[in-house]
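Student: got a predicted structure here, sequence first:
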Amino acid sequence: WTPDEEEIVADWDGEMDDELSDPAIDLEADKLEIKRLIEMKVIEKMEEDFEAPLLQTKLVRDWRFRDETWVRRSRLVAKELKCWDRHREDLFSPASSPPILRIVQHQFCIKKGLGQKNAAIVCFDVKDAFLTVDQQRPMKVRLTAEDAGELSGVYIVRKVLPGQRDASLLWNADFSEVAKAIGFEQSKVCPAIYGMGRTASLMIHVDDGVMEGPVDTLMEQVVPALKSKYNVSVQGPFMHEGDGFDFMKRSYRLVADGLLIGLDEKYCAKLVEITKCPTRLKKRPCHPDLNKKDPTSELSPESSTMYRSGVGILLYMSPDKAELQFCIKCLAGWMSKPTKRAWECLVHCVQYLQGVAGHCLKMYYTVPGMTLAKRVFCEDALNDGSSDPNEEGEAATQHALETLTDTDWAGDQKERKSTTSAHQMM
């Protein structure tokens, strides 16, 4: 962010549109961005041109509402297209998936289940993460007077700019070295996960991270080490009943016997806005005619676009809404040619969501060996606070992998296709 005393502001009561901007304001915002990058030693102005690959760049501007006023923000980003180098292969960087987002929280719940009262969760965000990483080869940018005014000229690029194709790869390599120096080991199976033996674990998603472990280890060892290298903002520690935090567009709240995980209710509100459906709450997500033959006509192009937008939101929600997954799978089958029947089924699903908008998942404080079947059917095992007794009455020392499966054999009356589902729980 640009310094408060130099922010270029415009008073406005409603939403700000780029068309409302003034060229003079844009130029001042661009110059503030260039000055910021120079101060951070991301770029350095050269007296004369030099031999180095020219990095195409663009100044991207938007409006941000800060301190009761609108602020024009500008960011210098790289412009590298795949078509310029189709055969480049050194671009791999770790990615997280919905199940991976819960691994750290799962380890926290195990520690709490085992009675470790000092177990805590800490979230962190690395500001300007890419701008902290050194370039691997000399590169230059050329800024014109139109964009940078008197700051125009040729600059050598010392740090990685957002938009570079290898930015995520270089950032991951840099963060991995820092994590290794702290004492973490990167997972070979999922490089987005780091572990410190059985003491602590960490998950990184680009520049957002969450970690768990003993509170003194996190706050006295890990956080100071991260702050010595990066500009890090920290949330936490969270370790007591009633504590709550947000991470990756999900809200978490600690309760007496577990961790509640909820999706932002804005997704349901957006679905209601798209479908304009009346508030008629449904008890089940699936429309009665979801799998029956569809004699209805196709939707108009405008309605088809709205349908695809709605199903796209549902697909994003599906990992956190297990009871919707079959319905969403069927709705996605209409994506290429949505029909009136498909729209009715989408509205039905949204009306179900309206009734369960405040519902969430619960991850129980648990111990190795405690399965879902034991939690549901064996009250004696559930009430044993020290360990999970197995059939021989001994304490379980191994983790258990539990799989639940179900199959809808040829239930689709349109094409007689079968659907198989499986849920794995550690």
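Tutor: Noted; the coordinates are in hand. Numbering: from 1, shown residues only.
Student: what's near enough to touch Tyr352?
Tutor: 281-285, 324 (Cβ atoms under 8 Å, 6 or more residues apart in numbering). (C-beta placed from N, C-alpha, C; glycine too.)
Student: can you redo those residues as JSON lines with secondary structure, pLDDT and distance to His399?
Tutor: JSON lines is the format used below for the contacts of Tyr352 (DSSP: H, G, I helix; E, B strand; the rest coil; pLDDT from 0 to 100; distance: Cβ to Cβ, whole Å):
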{"residue": "Leu281", "secondary structure": "coil", "pLDDT": "85", "distance to His399": "39"}
{"residue": "Lys282", "secondary structure": "coil", "pLDDT": "86", "distance to His399": "38"}
{"residue": "Lys283", "secondary structure": "coil", "pLDDT": "88", "distance to His399": "36"}
{"residue": "Arg284", "secondary structure": "coil", "pLDDT": "88", "distance to His399": "34"}
{"residue": "Pro285", "secondary structure": "coil", "pLDDT": "89", "distance to His399": "32"}
{"residue": "Leu324", "secondary structure": "helix", "pLDDT": "88", "distance to His399": "28"}
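Student: which of these has the largest number of neighbours?
Tutor: Highest neighbour count within the contacts of Tyr352: Pro285, with 24 neighbours (other Cβ atoms under 10 Å).
Student: let me know the pLDDT of Ala410.
Tutor: As predicted, Ala410 sits at a pLDDT of 75.
Student: now do the one 3 residues further on
Tutor: Listed pLDDT for Gln413 reads 75.
Student: and Asp384, by the same measure?
Tutor: Asp384 is assigned a predicted lDDT (pLDDT) of 52.
Student: what's the answer for Trp12, then?
Tutor: In this model, Trp12 carries a pLDDT of 45.
Student: what does Ala400 give?
Tutor: Ala400 is given a pLDDT of 79.
Student: next, it: secondary structure please.
Tutor: coil (DSSP: H, G, I helix; E, B strand; the rest coil).
Student: wait, it touches Thr366, no?
Tutor: No - assessed by Cβ atoms under 8 Å, Ala400 is found out of contact with Thr366, at 10.2 Å.
Student: which phi and psi values does Leu361 adopt?
Tutor: As for Leu361, its main-chain torsions (degrees, to the nearest 10) stand at phi -80, psi 150.
Student: next up, the contacts around it.
Tutor: Leu361 sits next to 260-262, 320 when contact means Cβ under 8 Å, 6+ apart.
Student: and it, how far is that from Ile34?
Tutor: Using Cβ to Cβ, to the nearest Å, Leu361 is found at 46 Å from Ile34.
Student: quick one on the thing from earlier: between Ala400 and Thr366, who's got more neighbours?
Tutor: Set Ala400 next to Thr366 and count neighbours by other Cβ under 10 Å: Thr366 wins out with 21 against 16.
Student: list just the nearest of the contacts of Tyr352 to Ile193.
Tutor: Relative to Ile193, the closest of the contacts of Tyr352 is Leu324; by Cβ to Cβ it sits at 27.1 Å.
Student: just list the residues touching that closest one, thanks.
Tutor: 285, 314, 317-318, 349, 352-353 are the contacts of Leu324 under Cβ under 8 Å, 6+ apart.
Student: just to revisit the earlier point, so which of the contacts of Leu361 is the closest to Thr199?
Tutor: Ile261 (23.8 Å).
Student: need the pLDDT of the spatially closest residue to that closest one that is not a sequence neighbour.
Tutor: Of all residues beyond its chain neighbours, the one nearest Ile261 is Leu361 (4.4 Å), with distances taken as Cβ to Cβ, 6 or more residues apart in numbering. What the model reports as pLDDT for Leu361 is 88.
Student: can you list the residue ranges for strands in the stretch 101-250 of the chain?
Tutor: 119-126, 134-143, 153-159, 185-186, 193-196, 200-205, 208-214, 232-238, 244-247, 250-255 (DSSP state E, counting those that start in this stretch).
Student: Asp406 and His423: what is the separation?
Tutor: 9 Å.
Student: hmm, who's touching stretch 205-213?
Tutor: 96, 101, 104-105, 107-108, 111, 119-127, 129, 168, 171, 192, 196, 199-203, 218, 222, 247-248.
Student: okay, now Lys159: neighbour count?
Tutor: 17.
Student: what's near enough to touch it?
Tutor: 40-43, 130-135.
Student: which among those end up buried?
Tutor: 42-43, 130-133, 135 (16 or more other Cβ atoms under 10 Å).
Student: how much space is there between the residue most central in space within the chain and Tyr316?
Tutor: Nearest to the mean C-alpha position of the chain, by Cα atoms, centre = their mean, lies Met248 at 3.7 Å. Met248 sits at a distance of 11 Å from Tyr316 (criterion: Cβ to Cβ).
Student: the chain: helices as residue ranges?
Tutor: Listed in chain order, the helices found in the chain under DSSP state H are 23-39, 103-113, 145-148, 167-182, 215-217, 223-229, 266-275, 301-317, 325-332, 340-355, 372-377, 379-383.
Student: what sits against the closest residue to Pro138 other than its chain neighbours?
Tutor: Nearest residue to Pro138 in three dimensions, chain neighbours excluded: Ala52, at 4.4 Å (Cβ to Cβ, 6+ apart). Neighbouring residues of Ala52 by Cβ under 8 Å, 6+ apart: 138-140, 156.
Student: redo the helices of the chain as CSV? Include distance to Arg75.
Tutor: Below are those laid out as CSV (distance: least, Cβ to Cβ, whole Å):
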stretch, distance to Arg75
helix 23-39, 6
helix 103-113, 30
helix 145-148, 12
helix 167-182, 13
helix 215-217, 35
helix 223-229, 22
helix 266-275, 25
helix 301-317, 26
helix 325-332, 35
helix 340-355, 36
helix 372-377, 47
helix 379-383, 52
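Student: right, and these - which one's nearest Ser418?
Tutor: With Cβ to Cβ as the yardstick, what comes closest out of those is helix 325-332 (12.0 Å).
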